[in-house]
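Visitor: Quick one: sequence and predicted model below, then my questions.
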Amino acid sequence: MELQRYEKAKAYVYEQFAKINNEPLRIAALTHTAMVDSCITLLAISRSSALEKAKIAALFHDYAQYIDNCAHSEHARLSSLHAHQYLTQAKEFKVYEVDDICFAIAQHSKKEIFDSPLCELLKDADILARFLEDPNKPLTGIARHRLIDALADINN
């Protein structure tokens, strides 16, 4: 399983996060991104999905929230723009790969809507990561259902 493009993207993202001056924000960027990356790996394998695209989407999914310190309501859209810029400048990705990854990032906050398999992976990995980061925080509604389904997928 080749993940060379992922490794380059990871180096880039973590290099940018290392430049964040606000220590709590930098720590949050590193820890949450790593957790979503780990969760999406488990889910992608359990769902037989494209691992590299999933892991790259995880790297960039909250990028603007940490780099631009933007409003949460805008972070998914802005993160997808950052990802698009990186992926197109890297010149290692096919147009459909860039589109798939960026669409998943742009949609990942819309947990109540069902989208492409990559979108669903990212949404579920984000919820699973948030749960693992704070298991005492109550989950209700669609987030709870997504968590239960994600755990069942990993268990099978």
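Guide: That came through, no problem.

Visitor: could you give the mean pLDDT of stretch 45-54?
Guide: When pLDDT is averaged along stretch 45-54, the result is 96.

Visitor: Residues contacting it, please?
Guide: Applying C-beta atoms under 8 Å, 6 or more residues apart in numbering, the external contacts of stretch 45-54 come out as 1-3, 5-6, 40-41, 43-44, 97, 100-101, 117-118, 121-122, 125, 153-154, 156. Heads up, the C-betas are built off the backbone N, CA and C, glycines and all.

Visitor: Spatially central residue for the chain, please.
Guide: Centrality entry for the chain: nearest residue to the mean C-alpha point is Ala58, 2.4 Å, by C-alpha atoms, centre = their mean.

Visitor: hang on, isn't that one packed against Thr33?
Guide: Yes: assessed by C-beta atoms under 8 Å, Ala58 is found in contact with Thr33 at 7.0 Å.

Visitor: Out of the contacts of stretch 45-54, name the ones that lie in helices.
Guide: Using DSSP state H to define helices, the subset of the contacts of stretch 45-54 located there is 5-6, 40-41, 43-44, 97, 100-101, 117-118, 121-122, 125, 153-154.

Visitor: Buried ones from these, can you make that a PyMOL selection?
Guide: Burial among these is assessed by 16 or more other C-beta atoms under 10 Å; the matching PyMOL selection reads:
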select buried, resi 5+6+40+41+43+44+97+100+101+118+121+122+125+153
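
Visitor: Looking at the ones in helices among the contacts of stretch 45-54, which is nearest Asn21?
Guide: Tyr6 (27.0 Å; C-beta to C-beta).

Visitor: For the closest one, give its distance to Glu52.
Guide: Here Tyr6 is placed at a distance of 5 Å from Glu52 (C-beta to C-beta, to the nearest Å).

Visitor: can you check Asn156 too?
Guide: 22 Å.

Visitor: The two: which has the busier surroundings?
Guide: Glu52 (19 against 7; other C-beta atoms under 10 Å).

Visitor: tell me the phi and psi of the more buried one?
Guide: phi -60, psi -50 (degrees, to the nearest 10).

Visitor: what distance separates the helix-or-strand element of the chain with minimal mean pLDDT from the middle of the whole chain?
Guide: Ranked by mean pLDDT, DSSP states H and E, the weakest helix or strand in the chain is helix 141-155, scoring a mean of 94. Taking C-alpha atoms, centre = their mean, to the nearest Å, one finds the center of helix 141-155 at 17 Å from the center of the full chain.
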